[in-house]
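Enquirer: give me a 3D structure for the following:
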Amino acid sequence: MDCVTILAQAVETASERPEVIEETIVPIDLIWEQITSLELLEALTFISFGAICLFYGWRIFKMLVIICFGLLGLFLGMFISEKVNGDANPVIGALIGLVVMAVLSVPLVRWAVCILGALAGGLLTSGIWFACELTEEYMWAGALIGLVAGGMISFIIFKAAVMLFTSLGGGGLIATGILALLYLYPQTTEKVEELVFTQRWFLPVALLVPTTVGIIIQNKFVKKYKEWRV
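Expert: As a prediction, the model looks like this:
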C-alpha cells in the first residue's frame, strides 16, 4: 500500500469518525516536560544559539553536523552498551559512540548533511500531518513523504539541505526557548499549556514559522555571499 493510498484513508477516517479517540503516538507530555524544565538562563541560551543557527547556519554547518552526529553516536553508544553489558555503566560506550560518529562525520560531511536534510524533511511533514489532525497511526506515511522529498532535494541541491536542517534546528531551539519563557511568566503559563495540550496545530506551527523564516533569510544571505563554498 503506497503513501498516497494511506493518506487518502487517513483523511477519510478523520472525517468520517471524528468521535473515535485514537491512540496517542506523539509524546506531548514528554515534550512539554522538557520545555517546562528549562530555567530562565537556559531558555535564553536556547533562543540565542537558535538565532545563530537560524540566520548563520550556512556559515557554521560543518560544526553543527559534527555536533548532531556526535550526539547521535552518544545515544547509540549508550543504547548498545546497555544491551551488551546489561545494567553496567554505559558512559564508556556513550563516549566511544560520540567520538566515532563525530570523527566519521568530518570526511563524510556531504553525506551527513544529506541525511540531516532528509530527516528534517520527514520531521516537517510529520508535524504538518499532526497539525492537520490526521490519524496518528499513519503518521509514518507523512514522515516518509518528507524523508524522501528532503533526501532528493539534499542530493540535488546541497545548499538547500544545509539551509533546511540548520533552520529547523534553530527554529526548534527558538520555539523551545520562547515557550519556556512564556511558561515562566505567570500571566501566560496556563494559556500556553492549554494551547499545547488542546490545539494540535500549535506545536507544529511554532516550529514551522521560525524554520521558514530561517530558510528565507539564509537564502538571501547565501545569494549575497558569492564566495561561499560547501
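Enquirer: what does the pLDDT read for the residue nearest to residue 106 when sequence neighbours are not counted?
Expert: Nearest residue to residue 106 in three dimensions, chain neighbours excluded: residue 66, at 6.7 Å (Cβ to Cβ, 6 or more residues apart in numbering). From N, CA and C alone the C-beta is placed, and that goes for glycine too. You'll see residue 66 listed with a pLDDT of 91.
Enquirer: any idea how far residue 166 is from residue 66?
Expert: With distances taken as Cβ to Cβ, to the nearest Å, residue 66 is found 13 Å from residue 166.
Enquirer: now swap in residue 100 and tell me
Expert: Taken as Cβ to Cβ, the span from residue 100 to residue 166 is 23 Å.
Enquirer: what about the chain, any weak spots by pLDDT?
Expert: The chain contains residues with pLDDT under 70 at 1-24, 86-89, 225-230.
Enquirer: can you give me the helices in it?
Expert: Secondary structure of the chain by DSSP state H: the helices cover 3-16, 28-36, 40-56, 61-85, 91-105, 109-131, 139-156, 158-184, 186-198, 202-224.
Enquirer: Throw those helices into TSV and include mean neighbour count, thanks.
Expert: Below are the helices of the chain laid out as TSV (neighbours: other Cβ atoms under 10 Å):
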stretch	mean neighbour count
helix 3-16	14
helix 28-36	14
helix 40-56	17
helix 61-85	17
helix 91-105	17
helix 109-131	22
helix 139-156	19
helix 158-184	23
helix 186-198	13
helix 202-224	17
